[in-house]
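Enquirer: take this sequence and fold it.
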Amino acid sequence: MGISDPMFNGDLQKRVTELERQLRNITSGRRLEDASIGARGIVVRDEGSIIIDGGGFRVKNIDGIDVVFFGDVAGGAGISRGWVFRYDTGEVAFELQGQIGDQFWGFRDESGNIIVSSDGASDAGLARPYLNYRLVPTTSAESSTPWPMWPSTTSGSAVGLLEGVNPIWHPKFSTRVVCLTSGGGNVDWSLKFDGVTAASGTGTIPSTTFDTPGWGTTIKPADAVNITVEANVTGGATRAFIQVTRLYGTQS
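Expert: Purely as a prediction, here's the structure:
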């Protein structure tokens, strides 16, 4: 029995029409302006995913508070795509926000205080908490009575008087250096990270913030760095005493 051309052509046309319909459904997508989902929810199968392009995703508690939100988050530095998790009181608990290119994440307590956060401005390490760096006298340090039992030296050239190996987590550090002398004159000093001078001066300085040298390049978060303080007498002093009463990492 031969093939009927009219039947064959009709069947082919029907198949092409069905394929065109399926292709339109796949490529165009059907826009759903407003919908409610019942108790059985949505199930995504076969490695599928839900894509939110430009909108947001919210989870509300019984009081109508957005306890979870993914989308455009407005913060003090600008608006960017991120997320916010809130306590049932509405206070932020965990967030990713900030200006585009300078985002940060942070954990907050129920009073709104940031307790742990990344440093968005430097793109490396911590902003909070501020962590202390430990220093102890070196074997080159001398002591002398009745003066304070501080590390000291009578040398006119730099001598290491304090040192400590510390993991570094911050792009900056805050320090306060206190100096005393016998015989007048003053104290020249320098504070170094792995031999690179990060701060220096003559005599006492108040609490001051300096950049962590090589932050994000030669020094990265959690790198163990040897911090040293060197000092020497100057201007006619016979003995130089030095103490670091403040040394901890800070945010950008």
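Enquirer: find the nearest non-adjacent residue to the residue nearest in space to the middle of the chain, please.
Expert: Nearest to the geometric centre of the chain sits residue 118, at 1.8 Å (Cα atoms, centre = their mean). In space, and not counting its chain neighbours, residue 118 is closest to residue 104: 4.9 Å by Cβ to Cβ, 6 or more residues apart in numbering. C-beta coordinates here come from the backbone N, C-alpha and C atoms, glycine included.
Enquirer: and what of residue 190?
Expert: Spatial nearest neighbour of residue 190, chain neighbours left out: residue 200 (4.0 Å); criterion: Cβ to Cβ, 6+ apart.
Enquirer: can you count the residues close to the one you found?
Expert: The number of residues packed near residue 200 is 14, by other Cβ atoms under 10 Å.
Enquirer: how much space between it and residue 107?
Expert: The gap separating residue 200 from residue 107 is 36 Å, by Cβ to Cβ, to the nearest Å.
Enquirer: and for residue 232?
Expert: In this view, residue 232 and residue 107 are 45 Å apart by Cβ to Cβ.
Enquirer: so which of the two has more stuff around it?
Expert: Neighbour count, other Cβ under 10 Å: between residue 232 and residue 107, residue 232 has more, with 19 against 15.
Enquirer: what about that one, helix or strand, and which?
Expert: Element membership of residue 232, judged by DSSP states H and E, is strand 223-234.
Enquirer: torsion angles phi and psi at the nearest residue to residue 149 once chain neighbours are set aside?
Expert: Nearest non-adjacent residue to residue 149, counting by Cβ to Cβ, 6+ apart: residue 143, 5.3 Å away. The phi/psi pair for residue 143 (degrees, to the nearest 10) reads phi -130, psi 160.
Enquirer: for residue 143, grab the count of nearby residues.
Expert: The burial count assigned to residue 143 is 12, neighbours taken as other Cβ under 10 Å.
Enquirer: do the same with residue 17
Expert: 10.
Enquirer: can I see the domain layout of this structure?
Expert: Listed by automatic domain parsing, the domain ranges of the chain are 57-118, 136-250.
Enquirer: which of the three states applies to the residue nearest to residue 190?
Expert: strand (DSSP: H, G, I helix; E, B strand; the rest coil).
Enquirer: for it, give me its contacts.
Expert: Residue 200 sits next to 188-191 when contact means Cβ atoms under 8 Å, 6 or more residues apart in numbering.
Enquirer: JSON lines for these, including pLDDT and neighbour count?
Expert: Shown next, in JSON lines, are the contacts of residue 200 (pLDDT from 0 to 100; neighbours: other Cβ atoms under 10 Å):
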{"residue": "188", "pLDDT": "97", "neighbour count": "22"}
{"residue": "189", "pLDDT": "97", "neighbour count": "25"}
{"residue": "190", "pLDDT": "97", "neighbour count": "17"}
{"residue": "191", "pLDDT": "97", "neighbour count": "22"}
